[in-house]
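Undergrad: model this:
(one chain, ligands or ions: 1)
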Amino acid sequence: MATDELKALEGQALAHLQQCADEAALREWSTKYLGEKGLWKAAFGKMNSLPKDQKAAFGQEANRVKTVLTEAYEKKRAEVKERELQASLTTNPLDVTLPGRPRPRGRLHPATQILREVYAIFADLGFQVYRTREVETDEMNFEFLNMPAHHPARDMWDTFFTTIPRVVLRTHTSPGQIHVMKEAAGKPIRVILPGMCYRNEAISTRSEIQFYQVEGLVVGEGVTMADLKGTITAFARRMFGPERQVRIRSSYFPFTEPSIEVDIDWPKEDPNRDRLTKGTGWLEIMGAGMVHPNVLRAGGYDPEKVTGFAFGMGPQRMLMLAHAIDDIRLFWQNDLRFLKQF
Ligand code: PHE
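TA: Model prediction:
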């Protein structure tokens, strides 16, 4: 009987399957019995040579054997897999209770944070941000700002000179005023000019050789000191609190006339108030004034037709005040214990 051969194949295959202990042996088994060139296929091929009346029974039996073998194979494969998993769990146990390694999160430098706060406030007041270079000519840093060579006011800024004659590291952001005016070429201006400045000073808790300034410049017809006061007051109240009072004192800068310095009253609740304000209750936050006619002329504007105001402030100093930071050197030391507090 041809079907006996199928039965024999079934018995042989199942017995063999029991001996397969790993995936590799199972793969071999599957090729040998169920593969394209395997034994089952070969046995099935014999159907063609059978007499007609036996074909149907043989075909049915062949299919039954195939199903049995396939199911037995799948079952065995699941067993082997499970056994391999259990083995790997016990020989190489994975402790899922171990805490992970946290990845440190980056953050913005406090100086960047305070600059962005300043930008946001002035953006709401309609100011654009304009950047200019940190290496300047003597002409830009001093002369066009109404300080000719040998002008004693140059002593207000201890300058870093480069090896190129008459090229300096800017001591303030004010030369940016000239750049903006030249580019705006007579059109009205309302910008802030943030950036790094450099001064050749002895480094101490109160002074650094590099620090940020934010300059402001507004030029147009009919711009007055009242506009300057309004702008500064709006800024101070957004920055330091809505109850802040602003006090304006007369001062001197070569590039503004009249020149002022701006104080705010420091909150009475702050226990550092006396120390910060040296007992006066007032704290200086910026220098400012109406743009000097010579400066407008140097920028290509006619002081008979337009006026302007300018201001300059040190945002890092503001941060120091707000957070009672008593050492400016902390800013550029990159000590994470300091930086992480912001
Ligand atoms: N440039 C001045 C300084 O460095 C600040 C300032 C800017 C004053 C604009 C008046 C107008 O101290």
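
Undergrad: May I see the buried residues of the host helix or strand of V65?
TA: Assigned by DSSP states H and E, V65 belongs to helix 52-91. Residues of helix 52-91 classed as buried by neighbour count (16 or more other Cβ atoms under 10 Å): 58, 61-62, 65-66, 69, 73, 76-77, 80. In short, each C-beta sits where N, CA and C put it, glycine included.

Undergrad: Identify the residue spatially nearest to whichever residue of the chain sits closest to the ligand, adjacent ones excluded.
TA: At 2.7 Å from the ligand, G312 is the closest residue in the chain, using Cβ to the nearest ligand atom. Nearest residue to G312, sequence neighbours excluded (Cβ to Cβ, 6 or more residues apart in numbering): E215, at 4.9 Å.

Undergrad: Make sure the one you found is actually in contact with V180.
TA: No - judged on Cβ atoms under 8 Å, E215 makes no contact with V180 at a distance of 9.3 Å.

Undergrad: ok, these two, which is more surrounded?
TA: Using other Cβ atoms under 10 Å, the more surrounded residue of E215 and V180 is E215, with 25 against 19.

Undergrad: Run through the residues that contact the more buried one.
TA: 172-174, 176-177, 192-194, 310-312 (Cβ atoms under 8 Å, 6 or more residues apart in numbering).

Undergrad: May I see those residues organised as JSON lines, with secondary structure and pLDDT added?
TA: Shown next, in JSON lines, are the contacts of E215 (DSSP: H, G, I helix; E, B strand; the rest coil; pLDDT from 0 to 100):
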{"residue": "H172", "secondary structure": "coil", "pLDDT": "97"}
{"residue": "T173", "secondary structure": "coil", "pLDDT": "98"}
{"residue": "S174", "secondary structure": "coil", "pLDDT": "98"}
{"residue": "G176", "secondary structure": "helix", "pLDDT": "98"}
{"residue": "Q177", "secondary structure": "helix", "pLDDT": "98"}
{"residue": "I192", "secondary structure": "strand", "pLDDT": "98"}
{"residue": "L193", "secondary structure": "strand", "pLDDT": "98"}
{"residue": "P194", "secondary structure": "strand", "pLDDT": "98"}
{"residue": "A310", "secondary structure": "strand", "pLDDT": "98"}
{"residue": "F311", "secondary structure": "strand", "pLDDT": "98"}
{"residue": "G312", "secondary structure": "strand", "pLDDT": "98"}
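
Undergrad: Quick check: of those residues, which has the highest neighbour count?
TA: Q177 (31 neighbours).

Undergrad: Can you tell me the SS state at the residue lying closest to that residue once chain neighbours are set aside?
TA: The shortest distance from Q177 to any residue other than its chain neighbours is 5.0 Å, reached at L217 (Cβ to Cβ, 6+ apart). When classified by DSSP: H, G, I helix; E, B strand; the rest coil, L217 comes out as strand.

Undergrad: from here on, count from 589
TA: Sure thing, new numbering starts at 589, so read that last one as L805.

Undergrad: Surely L805 touches P776?
TA: No - using Cβ under 8 Å, L805 is not in contact with P776; the gap is 10.8 Å.

Undergrad: Just want to know which of these two has more residues nearby.
TA: More neighbours surround L805 than the other of L805 and P776, with 27 against 12 (other Cβ under 10 Å).

Undergrad: For that one, which residues are in contact?
TA: 764-765, 768-769, 777-781, 879, 896-898.

Undergrad: Same list, the residues you listed, but as a markdown table with distance to D853 please.
TA: Below are these laid out as a markdown table (distance: Cβ to Cβ, whole Å):
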| residue | distance to D853 |
| --- | --- |
| G764 | 30 |
| Q765 | 29 |
| V768 | 32 |
| M769 | 34 |
| I777 | 31 |
| R778 | 27 |
| V779 | 29 |
| I780 | 24 |
| L781 | 28 |
| V879 | 28 |
| G896 | 28 |
| F897 | 22 |
| A898 | 24 |
